[in-house]
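> I'd like to go over a predicted model; first the sequence, then the structure.
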Amino acid sequence: QKEVEQDPGPLSVPEGAIVSLNCTYSNSAFQYFMWYRQYSRKGPELLMYTYSSGNKEDGRFTAQVDKSSKYISLFIRDSQPSDSATYLCAMSASPSGGSYIPTFGRGTSLIVHP
Amino acid sequence: KAGVTQTPRYLIKTRGQQVTLSCSPISGHRSVSWYQQTPGQGLQFLFEYFSETQRNKGNFPGRFSGRQFSNSRSEMNVSTLELGDSALYLCASSLSDRNEQFFGPGTRLTVL
């Protein structure tokens, strides 16, 4: 079992839909949770960063962390075709030797069609 | 502020050759990490450099190596290339005490 599990999709939704992207993890030491967006032929771009359980909202994006269930989610409201990309979750434990090395999920491919 | 830059963007090599990839981090960022991304394995951590020292290393063979210079720029080298080394190699930089990593556009390496 991989430390971080993420459904690769693809997930296809109509424009305007609410999108839910999810990851589960097995390492209870993870405390920092991130979501990255990666467009084709580009590097990942940090979207959301959260620490510990709870919700964090940024515009149309909401990140949710449930540490008791070892489950994190990213919600996208009013999805747009420009949101079509691969979304990667990432998480890390407390720094070891000063560094936070994240473990990434495999990514979920999202397609928002007009 | 300029983002992370990587050169070259595309590279084609043959088996047995070696390759050197370069990464310039965001100004002020002293930590540089390298990742290999493939469709089958996703993003896998190669190594991290901080202040010219390798601070962490992933589970890759010794053919993969790197270094960091005093200006925080970093290079990674892959010797004796294998077909399975074909991948997108990503560099990410971060502030020394922060968790958020900022990625470059990557170098697409194809090994024939």
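In hand now; what should we look at?

> which residue is the nearest non-sequential neighbour of residue A:67?
Using Cβ to Cβ, 6 or more residues apart in numbering or on different chains and skipping residues adjacent in sequence, the residue nearest residue A:67 is residue A:53, 4.6 Å away. From N, CA and C alone the C-beta is placed, and that goes for glycine too.

> on the pLDDT front, check that neighbour for me.
Residue A:53 carries a pLDDT value of 84.

> who's in contact with it?
A:65-68 (Cβ atoms under 8 Å, 6 or more residues apart in numbering or on different chains).

> at 7 Å what do you get?
The contact partners of residue A:53, by Cβ atoms under 7 Å, 6 or more residues apart in numbering or on different chains, come to A:65-67.

> strands of chain B, residue ranges please.
Applying DSSP state E to chain B gives strands spanning B:5-7, B:10-13, B:19-24, B:31-38, B:42-50, B:53-57, B:64-68, B:74-78, B:87-94, B:102-103, B:107-111.

> could those be laid out in a markdown table, adding mean neighbour count and mean pLDDT?
Shown next, in a markdown table, are the strands of chain B (neighbours: other Cβ atoms under 10 Å in any protein chain shown; pLDDT from 0 to 100):
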| stretch | mean neighbour count | mean pLDDT |
| --- | --- | --- |
| strand B:5-7 | 16 | 97 |
| strand B:10-13 | 13 | 96 |
| strand B:19-24 | 19 | 98 |
| strand B:31-38 | 24 | 95 |
| strand B:42-50 | 22 | 93 |
| strand B:53-57 | 15 | 91 |
| strand B:64-68 | 19 | 97 |
| strand B:74-78 | 21 | 98 |
| strand B:87-94 | 24 | 96 |
| strand B:102-103 | 21 | 93 |
| strand B:107-111 | 18 | 97 |
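
> okay if I get these as a markdown table plus distance to residue A:8?
Shown next, in a markdown table, are these (distance: least, Cβ to Cβ, whole Å):
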| stretch | distance to residue A:8 |
| --- | --- |
| strand B:5-7 | 25 |
| strand B:10-13 | 25 |
| strand B:19-24 | 26 |
| strand B:31-38 | 13 |
| strand B:42-50 | 9 |
| strand B:53-57 | 27 |
| strand B:64-68 | 25 |
| strand B:74-78 | 26 |
| strand B:87-94 | 16 |
| strand B:102-103 | 20 |
| strand B:107-111 | 20 |
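
> brilliant, that's me finished.
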